[in-house]
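>>> predicted structure and sequence below. I'll ask about it afterward.
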Amino acid sequence: MTAQLCGWSLETEEYGDAFLIRMPGARHLLEDSHLRNLAEEMYRLFSYSGRKILALDFSAVDFLHSDALDQFVLLQKRLEQIDGKLCLWNVDRHLYSVLETTRLDRFLNARQDMPPAE
């Protein structure tokens, strides 16, 4: 399924135990008034999926603004309240090193690859 939100294109699919959201064309997740709406839409789509893992495919992203990180931290906290979890997959090595330095790699369940569907 493809959803449009404030100029963002989100592609969704069930992937093993996860509800996977791809963001094609989203090279830079910058400070943007729409980031909160984007996170809210991700949460809404996930809540209807019946899954416990919300996985974001970062293969098209090569820059994250701190505001985007804030939104992902808030999203993770919301998911924990409903026994869900956020995972960031296919994270660029430079982004991953930033996440490692801040220790957000563990909190956001970040990885540089994508696990096989189970």
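Sure thing, it's come through. Given the structure is predicted, the values throughout are model-derived calculations rather than measurements.

>>> what sits against T102?
Going by Cβ atoms under 8 Å, 6 or more residues apart in numbering, T102 touches L69. Yep, even glycine has a C-beta here, placed from its N, CA and C like the rest.

>>> gap between it and L108?
Here T102 is placed at a distance of 10 Å from L108 (Cβ to Cβ, to the nearest Å).

>>> kindly report the same for L95.
To L108, L95 is 11 Å away according to Cβ to Cβ.

>>> ditto for N90
Noted for N90: a distance of 13 Å to L108, by Cβ to Cβ.

>>> do the same with A18
14 Å.

>>> direction included, what does the helix or strand containing E13 pair against?
Using DSSP states H and E, E13 falls within strand 8-15. Looking at strand 8-15 with DSSP bridges, its partner strands are strand 2-5 (antiparallel), strand 18-22 (antiparallel).

>>> of those, which shows the lowest average pLDDT?
For the strands paired with strand 8-15, mean pLDDT drops lowest on strand 2-5, to a mean of 59.
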